[in-house]
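[1] this one's structure only:
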């Protein structure tokens, strides 16, 4: 965990980020910072703005105001071309591995696709062995390169999505509920894979999730969002052990996994 | 567990199961969704069926309710209060649904009719099924809505489903399910689509209704922690079969099947750090797969040759505790 007090380089700094959809304020003056190698979790319920936040950072949605500083450079000030070049360093993994992979592309085509867009990263002759290396990294057999997504299970598809995101060796990975569409037994596989890769490669990540029990296991820092606002943020342990905001407390108390331990303890006492 | 073993009903007739499932099978062509299930539910008992996607847990609930449509084929026996439900006519089943067995589904928006007001949908239950006057039915609808936690029910009777939040809609579905005072409520992942703060309220409501009315509950879920909040008994399903069953807290503290143990080990709530997670290797089997031995054997850390050759029978490891594993007793004894 990145609990050391040493000042680290800021990878992403978001300042007063605001997003309106008509009358609705989806993001209300969001401020936070992620340092190099950190895992920042964004937790909240549906409508909290957590997914809008991810999409606004990547400029898949237009921000209404504020600044998004990626290594000191404001993403909102970039031209379309400049943003495309920057996206090489910021990759996203989505919740639904059934929707995020093109059904008519083989695994090889899906994983090598980023190199078509960012041609300077890998010359074409290197693609076969690079794809092979990525498949191995995410724990898929080499024979999968020629398969179409329909042949793969949900967990395997998410591994393909991870391989594709890693193809560009991203600096920052934004994961939007990457395991919530998967079964519990498969969730644990994918989380272990992501965390092992994070340790090996050292990318910085923003992990968006509604699953508090999971966040507690993996995040260095947590942001709690409710109705477009950050109600509380801090180191993971502090948020879980000493929540200060009423909404954070409600969220923790409602989580069956976290609540269950306390009931079990009470019964044993 | 202690109360269950100590307090035995004196009257023989009371001890008969309300629902008795024996050798239940559900097939869709070559797809085998349920591969032979035996399960008894006593009056007033709360049972959770736990399983991952494709385990057959939801299909089991629907089969009990008589909701398997063609080309689905149901085999085996489902007896409710002594009456065989498999093979019954739709008219006979309709008489059981409501006062006998009622069901709440995952998606409340699908379960309600979007073009009728909530009031009309609840009132209709009493006017059509019980022949009540509209006035009497309206009063009962208001009482029910209040019972499931809807504030100012009178002013909301004329609202349509889309005007309610997901949690409130699910409360309305619960109100409609309990309207005719069913003796068994089947709840199929009723909180999976809801936020956790809303889920907490719905689980509390279901538990409270079950306790107060004495109806039996069959709660279908993929979530161990949720199962534990509403049920006293647990049934774990894998690949269309029941693999372990027993009192829920007892199973949690001392599993007797490798699959249940693996599920606990891959549950983030059970560990302190991600590195302690113990995922289950591989994927669940295809529903069209044919097994000679135990369906879990290919993923089981304990499996030996015999496991893929011969399907294990249920082994009773303790009072009320059964596991379908060749090593059930060893697992239970911690060997």
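    Right, received. Where do you want to start? From a predicted model like this one, the values you see are computed outputs, not experimental measurements.

[2] who in chain B is up against chain A?
    By the rule Cβ under 8 Å from any Cβ of the partner chain, the part of chain B lying against chain A is B:52-53, B:195-197, B:199-200, B:203, B:222-226, B:228-229, B:249, B:252, B:262-263, B:265-269, B:271-275, B:277-281, B:283-284. The C-beta positions use only the backbone N, C-alpha and C, and glycine is treated the same way.

[3] show me which of the residues you listed are buried.
    B:52, B:195-197, B:199-200, B:203, B:222-226, B:228-229, B:252, B:262-263, B:265-269, B:271, B:274, B:277-280, B:283-284 (16 or more other Cβ atoms under 10 Å in any protein chain shown).

[4] narrow those residues to those in strands?
    Among these, none falls in strands (DSSP state E).

[5] those residues in helices, which ones?
    Those of these mapping onto helices are B:196-197, B:199-200, B:203, B:224-226, B:228-229, B:252, B:262-263, B:265, per DSSP state H.

[6] out of these, what pair is the most spread apart?
    B:197 and B:262 (29.8 Å; Cβ to Cβ).

[7] what are the ranges of the strands in chain A?
    Using DSSP E, strands in chain A cover A:10-21, A:24-35, A:39-43, A:65-70, A:73-74, A:90-93, A:172-176, A:204-209, A:221-226, A:229-235.

[8] could the ones you listed be laid out in CSV, adding mean neighbour count, distance to chain B and mean pLDDT?
    Output for those, formatted as CSV (neighbours: other Cβ atoms under 10 Å in any protein chain shown; distance: least, Cβ to the nearest Cβ, whole Å; pLDDT from 0 to 100):
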stretch, mean neighbour count, distance to chain B, mean pLDDT
strand A:10-21, 18, 19, 97
strand A:24-35, 18, 16, 96
strand A:39-43, 26, 10, 97
strand A:65-70, 17, 27, 97
strand A:73-74, 12, 32, 96
strand A:90-93, 23, 17, 94
strand A:172-176, 23, 14, 96
strand A:204-209, 26, 10, 96
strand A:221-226, 24, 10, 97
strand A:229-235, 18, 13, 97
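
[9] out of these, which gets nearest to residue B:325?
    Here strand A:204-209 is closest among these (Cβ to Cβ), at 33.8 Å.

[10] around chain B, which positions in the stretch 51-200 of chain A sit nearby?
    A:153, A:155-156, A:183-189, A:191-192, A:195.

[11] how about 10 Å then?
    A:152-156, A:179, A:181-196, A:198-199 (Cβ under 10 Å from any Cβ of the partner chain).

[12] ranking helices and strands of chain B by mean pLDDT, which lands last?
    Using mean pLDDT, DSSP states H and E, the weakest-scoring helix or strand in chain B turns out to be helix B:2-6, at a mean of 45.

[13] residue of chain B nearest chain A, please.
    With Cβ to the nearest Cβ as the measure, residue B:269 is the residue of chain B nearest to chain A, at 2.8 Å.

[14] measure that residue to residue A:82 for me?
    44 Å (Cβ to Cβ, to the nearest Å).

[15] cool, and residue A:50?
    Residue A:50 is 26 Å from residue A:82, by Cβ to Cβ.

[16] more neighbours: the two, which one.
    residue A:50 (25 against 12; other Cβ atoms under 10 Å in any protein chain shown).

[17] hang on, isn't the more buried one packed against residue A:57?
    No. Taking contacts as Cβ atoms under 10 Å, residue A:50 lies outside contact range of residue A:57: 11.3 Å.

[18] residue ranges of the helices in the stretch 101-250 of chain B, please?
    B:108-111, B:118-129, B:134-147, B:153-156, B:166-178, B:196-213, B:224-230, B:248-253 (DSSP state H, counting those that start in this stretch).

[19] in TSV, list these along with mean pLDDT and distance to residue A:139.
    Below are the helices of the stretch 101-250 of chain B laid out as TSV (pLDDT from 0 to 100; distance: least, Cβ to Cβ, whole Å):
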stretch	mean pLDDT	distance to residue A:139
helix B:108-111	86	37
helix B:118-129	96	49
helix B:134-147	96	51
helix B:153-156	95	51
helix B:166-178	95	36
helix B:196-213	93	30
helix B:224-230	92	25
helix B:248-253	94	30
